[in-house]
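1. fold the following.
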Amino acid sequence: MNSLIQKGKIVLAVVLAGFVFASCNDDDGYSIGDFMIDFGVIQKTGSTSDDNSFEILLDSGDKAIPLATDVPWFKTHDNQRVMVSVNPLDDKVNEDGSKTYYVKILDMKNILYKNISKLGEVSLDSMGSDPIIVRDTWITADSILNVDFKFYTEGSTHYLNLLDINEGDGIATPKIFELRHNARGDDERYPVYGYASFKLNPIKNPAQSQIKFNIRYTDYDGKIIEVPYTLDY
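-> Numbers count the residues shown, from 1 in each chain. Alright, predicted model coming up:
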């Protein structure tokens, strides 16, 4: 099934995006006005599926442990991808040099997070072939591909997938992954912005130490664009 991207979630994520990776820390400790924003993955720590106890493994390599929250209605599940804004209250340095932050959550938004789809496993009609603008892409230390995107809408739900079209071997020639956008007939009225994350661990070949791939997409001028990457592991 295609994952759904809802307009409201995209717009709210962009409000946060202006402050991504900002922080306010000083040598005297934290204050109520300090904040930092990062992407991360939820790691559930509760004893039951209904327990909302969790930690956030941040893309920075650090960890955030919530002590309080301004969004108690936000329900989490294990391995959920989020963008989170926090007020750090305290921290400790771990043996590996990373930090564990004890935080108050100010805001948290769900981020589309899924595997790369394979040609033949899904209907190409459902994948769609509508244009999209890619503003930025980057890979985290945990092999997650992040896409900062923009498209035009009148307000309905769109689908977004990354499709392995079975082209290239990733060694001699790059594999091709197409970023496929299905606007589902929506009118191109106004722009919205958002993020999507895709898991790269499943594409790794244990017999190799790296894999080459290109992200291919079509923009609103009909131009086919490819962004090259080499994933070392």
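2. next up, the contacts around the nearest residue to Val71 once chain neighbours are set aside.
-> Of all residues not flanking Val71 in the chain, Met108 sits nearest, at 5.6 Å (C-beta to C-beta, 6 or more residues apart in numbering). C-beta: built from backbone N, CA, C; applies to glycine. Shown in contact with Met108 (C-beta atoms under 8 Å, 6 or more residues apart in numbering): Val71, Phe74, Val82, Met83, Val84, Ser85.
3. count the neighbours of the fifth one for me.
-> Translated: Val84. 24 (other C-beta atoms under 10 Å).
4. mean pLDDT per helix and strand in the protein: which one sits at the bottom?
-> Across the helices and strands of the chain, mean confidence by mean pLDDT, DSSP states H and E is lowest for helix 7-17: a mean of 35.
5. next one: whichever helix or strand comes after that helix to chain centre, how far?
-> Proceeding N to C from helix 7-17, the next assigned helix or strand is strand 36-44, under DSSP states H and E. Put simply, strand 36-44 sits 10 Å off its chain's centre (C-alpha atoms, centre = their mean, to the nearest Å).
6. with stretch 73-85 instead?
-> Worked out by C-alpha atoms, centre = their mean, stretch 73-85 lies 12 Å from the chain centre.
7. state the distance from Ala141 to Ile42.
-> 17 Å (C-beta to C-beta, to the nearest Å).
8. residues of stretch 133-147 that come out buried?
-> Ile133, Thr137, Thr140, Ser143, Ile144, Leu145, Asn146, Val147 (16 or more other C-beta atoms under 10 Å).
9. from the residues you listed, which two are the most distant?
-> Ile133 and Ser143 (24.6 Å; C-beta to C-beta).
10. bridging residues for the residue nearest to Val71?
-> Listed beta-bridge partners, Met108: Val84 (assigned using DSSP bridges).
11. how far away is the residue most central in space within the chain from Gln80?
-> What sits nearest the mean C-alpha location of the chain, by C-alpha atoms, centre = their mean, is Ser197, with 3.3 Å. From Ser197 across to Gln80, the span is 11 Å (C-beta to C-beta).
12. what sits in contact with each of these two?
-> In contact with both Ser197 and Gln80: Tyr113, using C-beta under 8 Å, 6+ apart.
13. show me where the chain has its helices.
-> Counting by DSSP state H, the chain has helices at residues 7-17, 124-127.
14. show me what the shortest one is packed up against.
-> Taking 3 or more C-beta pairs under 8 Å, 6 or more residues apart in numbering; DSSP states H and E as the contact definition, the neighbouring helices and strands of helix 124-127 are strand 158-164, strand 175-182.
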